[in-house]
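Enquirer: Requesting a structural model of the entry that follows:
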Amino acid sequence: MRCKVVQDIDIPKERISVSFSASDNFSQHLSVLIVSILVNNPEHFLRLHILHKSISQENQNKILEISRKYSNCEIIFHSIDKLFFSKAKLPSFHITEECYYRLLLPEILHDEERTLYL
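Expert: A predicted model of the protein is given here:
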């Protein structure tokens, strides 16, 4: 059985909030993840929140370029103060400070009812 694709119907897109924590070293991988999400969810409008302390302006611009290519998203960068977790003792080398940024989501995204953290 084949599904018929219905086009040219103006159906309101459900808005979904998705949040990420990333560093400059992970920005290329984050870009790939974002494009994959957008390509596979064209029926939704996605508000993408990126929490970071060190993504360079150059890489931020590259990530923002994605929102110019896909009309179903908005990308928002949230810069976390470097001093916020400066005294936190990380349990191991492979767990970075950025992993803990998700704990700040309720304060940062106070206008969002909920968000999917990836």
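
Enquirer: What ranges in this structure fall below the confidence cut-off?
Expert: Across the chain, the ranges flagged by pLDDT under 70 are 1-13, 86-87, 90, 93.

Enquirer: hmm, try it at 90
Expert: 1-15, 81-104, 110-111 (pLDDT under 90).

Enquirer: Do a quick rundown of the helices in it.
Expert: Secondary structure of the chain (DSSP state H): helices located at 27-40, 57-69, 105-108.

Enquirer: Please indicate which of the ones you listed has the most neighbours on average?
Expert: When these are scored by mean count of other CB atoms under 10 Å, the highest mean neighbour count falls to helix 27-40 (a mean of 15). For glycine as for every other residue, the C-beta is placed from the backbone atoms N, C-alpha and C.

Enquirer: list the helices and strands it packs on?
Expert: Applying 3 or more CB pairs under 8 Å, 6 or more residues apart in numbering; DSSP states H and E, we find helix 27-40 packed against strand 14-21, strand 44-52, helix 57-69, strand 73-79.

Enquirer: Could you provide these in TSV, with additional columns for distance to Leu105?
Expert: Formatted as TSV, these follow (distance: least, CB to CB, whole Å):
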stretch	distance to Leu105
strand 14-21	6
strand 44-52	8
helix 57-69	19
strand 73-79	9
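
Enquirer: For Pro91, which of the ones you listed is the nearest?
Expert: Of all the helices and strands packed on helix 27-40, strand 14-21 sits nearest to Pro91, with 16.4 Å by CB to CB.
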